[in-house]
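Colleague: The sequence isn't on hand, but the structure is:
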């Protein structure tokens, strides 16, 4: 969820605006969350 501690932790590294843009893109494409375990790649 957009107010989760996971999002906050990722935003500390990548910036909140960038992370929220990625989140909105994932919602738009109906990506499933928590499907890949605890790994995340930020480009």
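Modeller: Cool, the structure landed. Values in this document were obtained by computation on a predicted structure and should not be read as measured data.
Colleague: burial count for residue 19?
Modeller: Neighbours of residue 19 under the rule other Cβ atoms under 10 Å: 19. Using the backbone N, CA and C atoms, a C-beta is placed for each residue, glycine as well.
Colleague: Over to the one 10 residues further on?
Modeller: Applying other Cβ under 10 Å, we find 7 other residues in the vicinity of residue 29.
Colleague: Now do it, the pLDDT please.
Modeller: In the predicted model, residue 29 carries a pLDDT score of 90.
Colleague: gap between it and residue 23?
Modeller: Applying Cβ to Cβ, to the nearest Å, the value for residue 29 to residue 23 is 11 Å.
Colleague: Check residue 10 too.
Modeller: The value you get for residue 10 to residue 23, if Cβ to Cβ is used, is 9 Å.
Colleague: Residue 32 in helix, strand or coil?
Modeller: Following DSSP: H, G, I helix; E, B strand; the rest coil, the label given to residue 32 is coil.
Colleague: what mean pLDDT does stretch 18-26 have?
Modeller: pLDDT averaged over stretch 18-26 gives 90.
Colleague: Return the distance of it from the chain's centre.
Modeller: 6 Å (Cα atoms, centre = their mean, to the nearest Å).
Colleague: Then stretch 13-20?
Modeller: Stretch 13-20 has its C-alpha centroid displaced from the chain centroid by 8 Å (Cα atoms, centre = their mean).
Colleague: buried set for it?
Modeller: Using 16 or more other Cβ atoms under 10 Å as the test for burial, stretch 13-20 gives residue 19.
Colleague: contacts for it?
Modeller: Stretch 13-20 is contacted from outside by 2, 7, 10, 11, 42, using Cβ atoms under 8 Å, 6 or more residues apart in numbering.
Colleague: how near is residue 32 to residue 8?
Modeller: Distance from residue 32 to residue 8, by Cβ to Cβ: 21 Å.
Colleague: Alright, calling it a day.
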